[in-house]
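*Asks:* Next comes the sequence, and after it the predicted model I'd like to discuss.
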Amino acid sequence: MKFSAKPFIVSLVASVTFTMGAAPAVATEPVEDFAVAAVLPSTTVSQTLDTTGEELAGANIDSVLQIEETPQVPHNFDVAAAIELAEDEIGTSRPTGWSQPGECIMSAQRWIRAGGGAWNGSGDPVANYAGATRMTVETAAPGDIIQYEYASSPTSWVTGVHTVMITEVNTDGTFTIIQSNSPGGSGLVTQETNWTPAPPAGFQAAVWRF
């Protein structure tokens, strides 16, 4: 018995079309965009710097994982002079905002450079430390910088990124640190004793030595 294929094909196409139209659309997983955070200072922990330079090369991103475990790596600047300026600034405040002197990383740069440190990096929270050696928390020493970085995207400026300078390693393993812009937006330079790194959830503490 013969039958026409045309009605069958039309029916099949209609069936498929109805099925696809009736099925709920499956949305792709949203990708978090940190571009806004990179250009708008956070009102909670304000950390801003000019990030308009060249994009970080893959080799530099790999350096995030390269940590020096030997404490004998020397500082290439006058640590005492850097600490002296930082201590002199305790209790003072400066303007905050894009690349302003009250920002935590801008203040840390000022202190290191006062000791002749070659803090010449710029851009994101990793590229900033070009030329520095990444240490472990266990080998951290006075004059080292601790940078809170976003673990999933270390090169992003997001709320929670923060910078402090170690001025003393205490006998109990804690640190004395000096920081700026704490609380966020104040531009205030403060000192904390018996301090241990406590990065927010999703962040990690990177120790850098110039």
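*Replies:* Thanks, I have it.
*Asks:* count of residues packed around residue 152?
*Replies:* A count of nearby residues for residue 152, using other Cβ atoms under 10 Å, gives 12. No exception for glycine: its C-beta is placed from N, CA and C like everyone else's.
*Asks:* show me what contacts it?
*Replies:* By Cβ atoms under 8 Å, 6 or more residues apart in numbering, the contact set of residue 152 is residue 202.
*Asks:* tell me the secondary structure for the residue nearest to residue 92 when sequence neighbours are not counted?
*Replies:* Of all residues not flanking residue 92 in the chain, residue 189 sits nearest, at 5.5 Å (Cβ to Cβ, 6 or more residues apart in numbering). Here residue 189 is recorded as strand under DSSP: H, G, I helix; E, B strand; the rest coil.
*Asks:* how far away is the closest residue to residue 117 other than its chain neighbours from residue 190?
*Replies:* In space, and not counting its chain neighbours, residue 117 is closest to residue 77: 3.4 Å by Cβ to Cβ, 6+ apart. For residue 77, the distance to residue 190 (Cβ to Cβ, to the nearest Å) stands at 23 Å.
*Asks:* higher neighbour count, these two?
*Replies:* Relative neighbour count places residue 77 above the other of residue 77 and residue 190, with 20 against 17, counting by other Cβ under 10 Å.
*Asks:* mind checking pLDDT for the more buried one?
*Replies:* On pLDDT, residue 77 comes in at 98.
*Asks:* residues touching it, list them.
*Replies:* By Cβ under 8 Å, 6+ apart, residue 77 lies in contact with 112, 115-118, 143, 210.
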